[in-house]
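Asks: A predicted structure for the sequence below; I have some questions about it.
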Amino acid sequence: MKTKKSPKVYAIFIAYNAERTLKPFYKNFPKKYFNKLILVDDASTDRTYTIAKKLPNLLSYNNKKNLGYGGNLKRALKLALSGDADIIVDIHPDGEYKTSSIPEALKKISDGHEFVLGNRFSRDDRPWKTGMYFWKILPIMSLNLLHRAILGLPITDYHQGFRVYTKSMLEKINYNNNSNNYLFSFELLAQAAFHHIKTTQVPVETNYEGKKRGASFKNSIKYSMSTFPVVGYYLLAKLGYKTKLFAIKRKKQTREEKPNQ
C-alpha cells in the first residue's frame, strides 16, 4: 500500500527595495513549515538582491528590468511550480504582514481549501491601529462589500497581500493573462470566483510603517477604479461571453530556472 506523500510547501517573497526589512524578516520567518524559500527581486534600486544572495537557504532571483507587482508575482509562481510546489505561501518581505497566520492558513489547505487569504479586520489590532493611512479605511471597506456582493467569495478582505495558493488552483486559472501591476491580485480573486475555487480566509496581523504603508493616494484611486472593468468582464464571462481574463488554462511544461547566484 502506497503512503500518501506530504505536499511540498514553498514560500515566495516578491521584493522591491526591501533592504531595510529583508534580514529581520527572514531571520524571524518560520522556515520549519517550508521545503523551499524563493525570493524574486524586481530590479530594486537598493541592495535587496545583494542581501538576499547572502541569506542561507534562500533561492534568490532578480529581474533585469522592473516587471511590476503582477509581473514579478507571475515569475515567482512559475519558479515555485517548476520546482513541483503543491502549496505556495505569498508574503511580502517588507514586514507589512506578520507571519503568525501561516500555520492556520496551511491548516485550511490541509482541510481541503485551494486558496486562503488574510483578513486584516478580524482582530482587535485592526490595521488602522498598526499604521494604515486613515483615509484608506472607508474606501477599502466599501470595495470589500461591493466585491463580495458580486463575486460571492466567502472572504471579508479582498484587497490585502497575504495569500496561500495551491497547485490545483493555479492549474485552473490562467493567471498569465492578468495585469502586471497591483490589479493582478484582484483579477485572481475574480478568476477564483469564476472557476469555483474553494476559498477561505484567516486573521492576519499587519504592521504599516514608514514608506511601506501601502500605495499612495493617487495609486489607490487608480487601483480602485481599475477593479470595476474586471467586475464587468467577470459578469460578461458568467453570461457566456468569452474574455481573455477568464479563459481556461492550458497545461504547459515549465522548466526550472537556476538562481541568479
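Replies: That came in fine, so what should we check first? Residues are numbered from 1 along each chain as shown.
Asks: so Glu205 touches Gly95, yeah?
Replies: No. Assessed by C-beta atoms under 8 Å, Glu205 is found out of contact with Gly95, at 10.8 Å. Quick note: C-beta positions are derived from backbone N, CA and C, even for glycine.
Asks: look at those two and report which has more neighbours.
Replies: Between Glu205 and Gly95, counting by other C-beta atoms under 10 Å, Gly95 is the more crowded of the two (21 against 16).
Asks: next up, the contacts around the more buried one.
Replies: 21, 24-25, 207, 212 (C-beta atoms under 8 Å, 6 or more residues apart in numbering).
Asks: do the same with Ile38
Replies: Each residue near Ile38 by C-beta under 8 Å, 6+ apart is listed here: 10-13, 58-59, 61, 76, 79-80, 83.
Asks: if we go to 10 Å?
Replies: 10-14, 58-61, 75-77, 79-80, 83, 85, 88, 259 (C-beta atoms under 10 Å, 6 or more residues apart in numbering).
Asks: what pairs with the helix or strand encompassing it, and is each one parallel or antiparallel?
Replies: Assigned by DSSP states H and E, Ile38 belongs to strand 36-41. Looking at strand 36-41 with DSSP bridges, its partner strands are strand 9-15 (parallel), strand 59-62 (parallel).
Asks: which stretch of helix or strand covers Lys78?
Replies: Element membership of Lys78 [criterion: DSSP H and E] is helix 68-82.
Asks: what comes up buried for that helix?
Replies: Residues 68-81 are the ones in helix 68-82 that count as buried (16 or more other C-beta atoms under 10 Å).
Asks: cool, and stretch 165-177?
Replies: With burial defined by 16+ other C-beta under 10 Å, the residues of stretch 165-177 counted as buried are 165-167, 169-170, 172-175.
Asks: re the thing from before, show me how far the helix holding Lys78 is from its chain's centre.
Replies: Taking C-alpha atoms, centre = their mean, to the nearest Å, the mean C-alpha location of helix 68-82 is offset from the chain mean by 10 Å.
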